[in-house]
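*Asks:* Can you look at this prediction? I've put the sequence above it.
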Amino acid sequence: MPTTPPPFTADDYRARMDRAALAAADAGFAGVLVAPGPDLVHLTGHRVPADTERLTLLVLAPGRDPVLVVPALEAGEAAHAPAAPALTLRDWTDGRHDPYALTAPLLDAAGRYAVSDNLWALHLLGLRGALPGTDFAALSDALPMLRAVKDARELERLAAAGAAADAAYREVLRLRFAGRTERDVARDLADLLRRFGHEQVDFTIVGSGPNGADPHHEAGERTIRHGDMVVMDFGGLKDGYGSDTTRTVHVGEPSPAEQHIHDVVREAQQAGVDAVRPGVACQDVDRAAREIIEAAGYGDLFIHRTGHGIGVTTHEPPYMVEGEKQPLVPGMCFSVEPGIYLPGRFGVRIEDIVAVTEDGGRRLNTTDRALAVVE
């Protein structure tokens, strides 16, 4: 059973908030405004439903203590957040306070702030009304790599999540595929992820036969048959950090053509992993994998980017895609997942999470990438 890493401390969160404030200053911003969502979880460990209509806002600025503006009825929970010892809480009460007027003194009246993409328009307009001279920009544009570089304790969690997903894959290979539906196998995968420590299952894609040619196929009632290629892409959150892995299996012995295409994808995936090292542009990982598939004559059948970042969400920057020139930095974690999809026939995808090290890349998924034969 994969182990549970130790919890983050208030000092860990304070270091992240300080780095975010300094990164904003380096990019020409007065600070960062963080709404409920993955950025707030990453920076403070405080989880608030993103659909709450009351303003909750983390205010970060270089040289100032972090301030968390919260509704009074949620102040008690915020006071017990993992980052609480490093935060100043400022609460507001329904009908008594204007939350935007309360927040305004924390901001530079003529400053420019990077704002969480998921901040409600209602709140952004309220802040603009309280501070008409203040300018705002989307955080994903201003600081796209805010969560991209993981510290050692985050890497520990990602490795544990990857190990748990690997354990689920090893177990599912013991089960029968033929005669059962895709939904049956997807349910097995979800149960196994939870057995091995996932508190949240985000997806269990099971695409059999022609359904495997749809990269985001939703597992359905199709009965898996002898002779099917089956794509399984699954993951979720363990101890707050994501797993995401894909393996393609075959029910019974594959044909030479099926084995060949799987071999091409396996070689492409290896080429993508081999390209990972500090200083390399994200797009070069995509190019390395894509070159193998194009050389084999299947370039038009590789229809998605090679990878995406992973952390407190299963999809986040950086992205391994043409045009992304962001250089890789030690601590970045992302998927390498090339695929070939033959409409009406089958698909093949192989995916591992890879962490950038000082001199290359380290796979966080270690299960066999060969084409497994199942019953």
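*Replies:* Received the coordinates, thanks. Numbers count the residues shown, from 1 in each chain.
*Asks:* switch to C-alpha atoms for all contacts and neighbour counts from now on
*Replies:* Will do.
*Asks:* how close does Arg47 get to Ala79?
*Replies:* Look at Arg47 and Ala79: by Cα to Cα, to the nearest Å, they are 12 Å apart.
*Asks:* what do you get for Gly220?
*Replies:* 44 Å.
*Asks:* Sketch out the strands for the stretch 101-250 of the chain, chain order is fine.
*Replies:* 112-115, 135-138, 200-208, 229-238, 241-242, 245-251 (DSSP state E, counting those that start in this stretch).
*Asks:* Would you mind listing the buried residues in the following helix or strand past the last one?
*Replies:* Which is strand 245-251. Heading C-terminal from strand 245-251, the first helix or strand you meet, by DSSP states H and E, is helix 256-274. Across helix 256-274, burial judged by 16 or more other Cα atoms under 10 Å covers 258, 261-273.
*Asks:* tell me which element the closest residue to Gly309 other than its chain neighbours is part of?
*Replies:* Counting by Cα to Cα, 6 or more residues apart in numbering, Gly309 lies nearest to Phe334, which is 3.9 Å off, once chain neighbours are set aside. Secondary structure assignment for Phe334, by DSSP H and E: strand 333-336.
*Asks:* That strand - contacts with which helices or strands?
*Replies:* Where contact means 3 or more Cα pairs under 8 Å, 6 or more residues apart in numbering; DSSP states H and E, strand 333-336 is packed against helix 256-274, strand 307-309, strand 316-320, strand 352-356.
*Asks:* Can I get it in CSV, CA atoms only?
*Replies:* Presented in CSV, the C-alpha positions along strand 333-336 are these (Å, rounded to 0.1, in the frame of the first residue of the first chain):
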residue,chain,number,x,y,z
CYS,A,333,5.5,17.5,-13.4
PHE,A,334,3.5,16.6,-16.5
SER,A,335,2.1,13.8,-18.5
VAL,A,336,3.7,12.3,-21.6
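*Asks:* which residues are contacting that strand?
*Replies:* By Cα atoms under 8 Å, 6 or more residues apart in numbering, the list of residues contacting strand 333-336 from outside reads 148-150, 244, 269, 272-273, 306-311, 318-320, 350-356.
*Asks:* Please identify the pairing partners of the following helix or strand past that strand and their relative orientation?
*Replies:* Downstream of strand 333-336, the first helix or strand assigned by DSSP H and E is strand 339-342. Strand 339-342 pairs in its sheet with strand 346-349 (antiparallel), by DSSP bridges.
*Asks:* So which residues make contact with the strand it pairs with?
*Replies:* By Cα under 8 Å, 6+ apart, strand 346-349 touches 208-215, 228-231, 246-248, 261-262, 265, 337-341.
*Asks:* so His198 makes contact with Asp244?
*Replies:* No: with contacts counted by Cα atoms under 8 Å, His198 stays clear of Asp244, the gap being 11.8 Å.
*Asks:* residues bridging contact with those two, i.e. touching both?
*Replies:* Gly236.
*Asks:* Between the two, which is the more surrounded one?
*Replies:* A direct count of neighbours by other Cα atoms under 10 Å for His198 and Asp244 places Asp244 higher, at 27 against 24.
*Asks:* roughly how far apart are the closest residue to that one other than its chain neighbours and Pro71?
*Replies:* Excluding the flanking residues, the one nearest Asp244 by Cα to Cα, 6+ apart is Gly235, at 4.3 Å. From Gly235 across to Pro71, the span is 34 Å (Cα to Cα).
*Asks:* again, but for Pro62
*Replies:* Distance from Pro62 to Pro71, by Cα to Cα: 25 Å.
*Asks:* likewise Arg222?
*Replies:* The gap separating Arg222 from Pro71 is 48 Å, by Cα to Cα.
*Asks:* what do you get for Asp274?
*Replies:* Distance of Asp274 to Pro71, given as Cα to Cα: 49 Å.
*Asks:* repeat for Val48
*Replies:* Plainly put, Val48 is 11 Å away from Pro71 if you go by Cα to Cα.
*Asks:* So if I had to pick from these two, which one is more boxed in?
*Replies:* When Val48 and Pro71 are compared for neighbours, Pro71 comes out ahead with 20 against 17, by other Cα under 10 Å.
*Asks:* How about the contacts made by Ala25?
*Replies:* 31, 61-62.
*Asks:* Redo those residues as JSON lines? Include pLDDT and neighbour count.
*Replies:* Shown next, in JSON lines, are the contacts of Ala25 (pLDDT from 0 to 100; neighbours: other Cα atoms under 10 Å):
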{"residue": "Gly31", "pLDDT": "96", "neighbour count": "25"}
{"residue": "Ala61", "pLDDT": "95", "neighbour count": "25"}
{"residue": "Pro62", "pLDDT": "93", "neighbour count": "20"}
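*Asks:* Output the helix of greatest length in the chain as PDB, restricted to C-alpha atoms.
*Replies:* Criterion DSSP state H: the longest helix present in the chain is helix 152-172. The C-alpha coordinates for helix 152-172 follow below in PDB (Å, rounded to 0.1, in the frame of the first residue of the first chain):
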ATOM      1  CA  ALA A 152      10.100  18.300  -2.600                       C
ATOM      2  CA  ARG A 153       7.000  17.600  -0.500                       C
ATOM      3  CA  GLU A 154       4.700  18.100  -3.400                       C
ATOM      4  CA  LEU A 155       6.800  15.700  -5.500                       C
ATOM      5  CA  GLU A 156       6.500  13.200  -2.700                       C
ATOM      6  CA  ARG A 157       2.700  13.400  -2.900                       C
ATOM      7  CA  LEU A 158       2.700  13.100  -6.700                       C
ATOM      8  CA  ALA A 159       4.900  10.100  -6.500                       C
ATOM      9  CA  ALA A 160       2.600   8.500  -4.000                       C
ATOM     10  CA  ALA A 161      -0.400   9.200  -6.200                       C
ATOM     11  CA  GLY A 162       1.400   7.700  -9.200                       C
ATOM     12  CA  ALA A 163       2.300   4.600  -7.200                       C
ATOM     13  CA  ALA A 164      -1.400   4.200  -6.100                       C
ATOM     14  CA  ALA A 165      -2.600   4.400  -9.700                       C
ATOM     15  CA  ASP A 166       0.100   1.800 -10.700                       C
ATOM     16  CA  ALA A 167      -1.200  -0.500  -8.000                       C
ATOM     17  CA  ALA A 168      -4.700  -0.100  -9.400                       C
ATOM     18  CA  TYR A 169      -3.500  -1.000 -12.900                       C
ATOM     19  CA  ARG A 170      -1.700  -4.100 -11.700                       C
ATOM     20  CA  GLU A 171      -4.800  -5.300 -10.000                       C
ATOM     21  CA  VAL A 172      -7.200  -4.600 -12.900                       C
END
